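Novice: The sequence and its predicted three-dimensional model are supplied below.
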Amino acid sequence: MDFPLMLRVFPFFVEAAWVTVQISVLSLLLGLVVAAVIASAKMSGSFVLRAFGSLYVSVFRGTPCLIQLFVLYFGGPQIGINLDPFAAGVIGLGLNIGAYMAESIRGGILGVDRGQVEAARTIGFSKLQTLRLVVLPQAARLMIRPLGVNAVGLIKGSALVSTISVVELTYTAQRFIGSTYKPFEIFGIAALLYMIIVYAVARAVDVLDRRYAIN
Amino acid sequence: MQGLDFSVVTPYTDILLMGVWWTVVLTVTGAVISFFFGIFFAVAVLYAPKVIAYPIRFFMWLFMGTPLLLQLFLIYFGLSQIGINIPALAAGIIGLGLHFAVYNADVMRAGIVSVDVGQTEGARSIGFGRFQTLRYVVIPQAVRNTLPSIGNNLIVLLKESSLVSIIGIAELVHSAQLAISETFRPFEFYITVAALYYVLNLVLETGLRQVEKQVEVTR
């Protein structure tokens, strides 16, 4: 192990880890918005909206995220979409994770006992009131764990944007492996930083889930 | 901005189909390795002496906390640094196999633990050895109970196999990149590749559902 080298390149990796965090947070936020829209579409009364929601989920979960990023970043200019790597990365990852999160949200809502809705409707709640005051507060608790799993997957999946030249952790690691020929040392640094981020988020999800879990 | 023209794809049909073939090869070999190593890791973590169990647990922890892409770089460049020169294809298969073995092991460990203790006691009392009990009684039941999760990992494996294009393996994505470098038509080719993956995924999902149904019936 070449520790002086590791110390020398470490600052570059800290900077890169910050980019990984930014990409992950931004695409997570975009993903949540997409997921809410798609989940609503999939559970709406309209056939067209339901079909659109199902198609979206099936396409984005049925093809590799890498290809989705390539279509957006390399193919985009052909249909008039010109994005810089960072924006393409955030949008690509967000649209992708949105499909997975939509299923987590839907699962949470479907997990709420049907009797809750019937009872709320019986005592005179409107449909919207039932959703807002009865279903969603309970569904939110059921969503914590699946959404947390999605978020952890997203952090690791953010490594893909290195292929469209976003200078984040994996890109930086690849660069330094190429220039120093020290794959183990470089992997060690990048792995350490990824694990700090990944296990911090996993731990936070654990705590939240235990705090708010029903029963 | 140029108009879209999907007819540029037709001359490259053969190359893309070769890509599909190699993607299938990668997925199948990766699946086999990840299945058997998954069982091995799970058993080792549960029953092996600490000198073996702890390093494997550390390895699992390391591989679950880092991206596959980074692991592929480690295996591809790391092996050659310690003097083992293997072709990119082998590095890709090892990388995919080990990565998903870790996820399978995680599932399988829970599956083994949840097999009823009575099964082990029964097998031991009719004279099965410890290894025989695992091999013939516990693991078959654990595999059957965890089949849906292992199937899900397999579906992810098919899609993630696209990553090995980065270390230069001529699978589906890499074939498309070859065609794009000649035609400068990324949109048409990547959409075609996406469609091909979608079909592969559909076939795999349908197949897995059939297997699950079979297993349900024989239970």
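Specialist: Arrived safely.
Novice: So which bits of chain B are right by chain A?
Specialist: B:1-2, B:4, B:62, B:65-70, B:73-74, B:77-78, B:81, B:159-160, B:162-163, B:165-166, B:173, B:180, B:185-188, B:190-191, B:193-194, B:197-198, B:201-202 (C-beta under 8 Å from any C-beta of the partner chain). Yep, even glycine has a C-beta here, placed from its N, CA and C like the rest.
Novice: wait, isn't A:Y199 in contact with B:G65?
Specialist: Yes - contact criterion C-beta atoms under 8 Å: A:Y199 and B:G65 qualify, at 6.1 Å.
Novice: More neighbours: these two, which one.
Specialist: The residue with more neighbours, out of A:Y199 and B:G65, is B:G65; 19 against 15, by other C-beta atoms under 10 Å in any protein chain shown.
Novice: Worst mean pLDDT across the helices and strands of chain A, which element?
Specialist: helix A:127-129 (a mean of 89; mean pLDDT, DSSP states H and E).
Novice: what's that one in contact with?
Specialist: A:A120, A:R121 (C-beta atoms under 8 Å, 6 or more residues apart in numbering or on different chains).
Novice: Next SSE downstream of that helix?
Specialist: helix A:136-157 (DSSP states H and E).
Novice: Tell me the buried residues within the residues of chain B next to chain A.
Specialist: B:62, B:65-70, B:73-74, B:77-78, B:159-160, B:162-163, B:165-166, B:173, B:180, B:185-188, B:190-191, B:193-194, B:197-198, B:201 (16 or more other C-beta atoms under 10 Å in any protein chain shown).
Novice: What about those, which are in helices?
Specialist: B:62, B:68-70, B:73-74, B:77-78, B:159-160, B:173, B:180, B:186-188, B:190-191, B:193-194, B:197-198, B:201 (DSSP state H).
Novice: any idea how far B:F37 is from B:Y47?
Specialist: 16 Å (C-beta to C-beta, to the nearest Å).
Novice: Compare those two and say which is more crowded by neighbours.
Specialist: B:F37 (18 against 13).
Novice: Looking at the more buried one now. What's its pLDDT?
Specialist: pLDDT recorded at B:F37 is 96.
Novice: Now for it: which residues touch it?
Specialist: B:G97, B:L98, B:A101, B:N104, B:A105.
Novice: Looking at neighbours, which among those residues is most surrounded?
Specialist: Counting by other C-beta under 10 Å, top hit in the contacts of B:F37: B:N104 with 30 neighbours.
Novice: Surely that residue touches B:F36?
Specialist: No - at 9.2 Å, B:N104 and B:F36 do not qualify as touching, with contact defined as C-beta under 8 Å.
Novice: What residues sit buried inside the lengthiest helix in chain A?
Specialist: Ranked by residue count and defined by DSSP H, the top helix of chain A is helix A:3-42. Of all the residues in helix A:3-42, those buried under the rule 16+ other C-beta under 10 Å are A:6, A:9, A:13, A:16-17, A:19-24, A:26-28, A:30-32, A:34-35, A:37-39, A:41-42.
Novice: Distance from the chain centre to whichever helix or strand comes after it, please.
Specialist: The C-terminal neighbour of helix A:3-42 among helices and strands, as given by DSSP H and E, is helix A:47-62. Remark: helix A:47-62 is offset 18 Å from the chain centroid, using C-alpha atoms, centre = their mean, to the nearest Å.
Novice: which other helices and strands contact helix A:47-62?
Specialist: helix A:3-42, helix A:85-110, helix B:186-218 (3 or more C-beta pairs under 8 Å, 6 or more residues apart in numbering or on different chains; DSSP states H and E).
Novice: make it 6 Å
Specialist: Helices and strands touching helix A:47-62, by 3 or more C-beta pairs under 6 Å, 6 or more residues apart in numbering or on different chains; DSSP states H and E, are helix A:3-42, helix A:85-110.
Novice: Please convert the ones you listed to JSON lines, extending it with mean pLDDT and distance to chain B.
Specialist: As requested, these are exported to JSON lines (pLDDT from 0 to 100; distance: least, C-beta to the nearest C-beta, whole Å):
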{"stretch": "helix A:3-42", "mean pLDDT": "94", "distance to chain B": "10"}
{"stretch": "helix A:85-110", "mean pLDDT": "95", "distance to chain B": "11"}
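Novice: among the ones you listed, which is nearest B:V25?
Specialist: B:V25 lies closest to helix A:85-110 among the helices and strands packed on helix A:47-62, at 25.6 Å (C-beta to C-beta).
Novice: Near B:Q119, how many other residues are there?
Specialist: 13.
Novice: List the contacts of it.
Specialist: B:V137 (C-beta atoms under 6 Å, 6 or more residues apart in numbering or on different chains).
Novice: Is it in a helix, a strand, or coil?
Specialist: helix (DSSP: H, G, I helix; E, B strand; the rest coil).
Novice: Local confidence estimate at B:L70?
Specialist: Looking at B:L70, the pLDDT reads 93.
Novice: and it, what does it touch?
Specialist: By C-beta under 6 Å, 6+ apart, the contact set of B:L70 is A:T170, A:A190.
Novice: how close does B:N85 sit to A:R8?
Specialist: 28 Å.
Novice: How far off centre is stretch A:128-135?
Specialist: For stretch A:128-135, the distance to the chain centre is 26 Å (C-alpha atoms, centre = their mean).
Novice: And the residue lying closest to B:Y76 once chain neighbours are set aside, what's its pLDDT?
Specialist: In this structure, B:Y76 finds its nearest non-sequential neighbour in B:A91, 4.3 Å apart by C-beta to C-beta, 6 or more residues apart in numbering or on different chains. With respect to pLDDT, B:A91 scores 92.
Novice: host element of B:A91?
Specialist: helix B:88-113.
Novice: and the spatially closest residue to B:S34 that is not a sequence neighbour, what does it touch?
Specialist: Nearest residue to B:S34 in three dimensions, chain neighbours excluded: B:F100, at 3.6 Å (C-beta to C-beta, 6+ apart). Residues near B:F100 by C-beta under 6 Å, 6+ apart: B:S34, B:N153, B:L157.
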